[in-house]
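Chemist: 3D model of this:
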Amino acid sequence: MEQELFNYLQNAEFEKAANLLRHVNNVKIKEMLLTIAYESESIVCIGFSSYMFQISNNYFWYDCIVSLLSNPLCFIEGAYSLAYHYSKETLKHERSEDNLVQMLFFNEIPEKLLADAEALSIAKEVIALNPNNEAAKKYIQYKR
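Modeler: A predicted model of the protein is given here:
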């Protein structure tokens, strides 16, 4: 299925790709997109995720874009900045523990797109949601 998805994406047959994924769970979809991006270094997975967001308005697709730009495609100039943008957009929609923790990443990269004060505020918000969140606890402990 992954090869078929890749072929559809490479040929910009996004409707066929969407139909192929109709009954696939989000975890598997994200896994396949990441694998394709790691193996091909193609930005087509970002284009497909953007297309899917446009037709579904499901922020899962923004999460895919952030993962693609922060991991397999991070070598592209501006990838972290664009990932940061999509993370902020997702956070506007849903201030979940996962989305908040994802924002902390942007304080840890060399570009440091998220200021220390804002990152500390976010870490405290995460702790308020889940006092056992290890990422937030480590961030707060590290910044003391």
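
Chemist: what about I29, distance to H23?
Modeler: 11 Å (C-beta to C-beta, to the nearest Å). For every residue, glycine as well, the C-beta is placed using N, CA and C.

Chemist: one more: L69?
Modeler: 27 Å.

Chemist: which one's more surrounded, I29 and H23?
Modeler: I29 (18 against 6; other C-beta atoms under 10 Å).

Chemist: hmm, that one is touching L20, no?
Modeler: No. Using C-beta atoms under 8 Å, I29 is not in contact with L20; the gap is 10.0 Å.

Chemist: quick one: contacts for the residue most central in space within the chain?
Modeler: For the chain, the residue nearest the mean C-alpha position is V66 (2.5 Å; C-alpha atoms, centre = their mean). In this structure, V66 makes contact with 83, 86-87, 90, 102, judged by C-beta atoms under 8 Å, 6 or more residues apart in numbering.

Chemist: same check, this time on K124
Modeler: K124 neighbours (C-beta under 8 Å, 6+ apart): 136, 140.

Chemist: also F60?
Modeler: 26, 30.

Chemist: could you measure from it over to Y38?
Modeler: 20 Å.

Chemist: do the same with K143
Modeler: Counting by C-beta to C-beta, the gap from K143 to Y38 is 32 Å.

Chemist: buried ones in the worst-scoring helix or strand of the chain on mean pLDDT?
Modeler: Lowest on mean pLDDT, DSSP states H and E among the helices and strands of the chain sits helix 134-143, with a mean of 87. Counting neighbours by 16 or more other C-beta atoms under 10 Å, one finds that the buried residues in helix 134-143 are 135-136, 139-140.

Chemist: is it possible to get CSV of the residues you listed that adds distance to A79?
Modeler: Below are the buried residues of helix 134-143 laid out as CSV (distance: C-beta to C-beta, whole Å):
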residue, distance to A79
A135, 21
A136, 25
Y139, 22
I140, 28
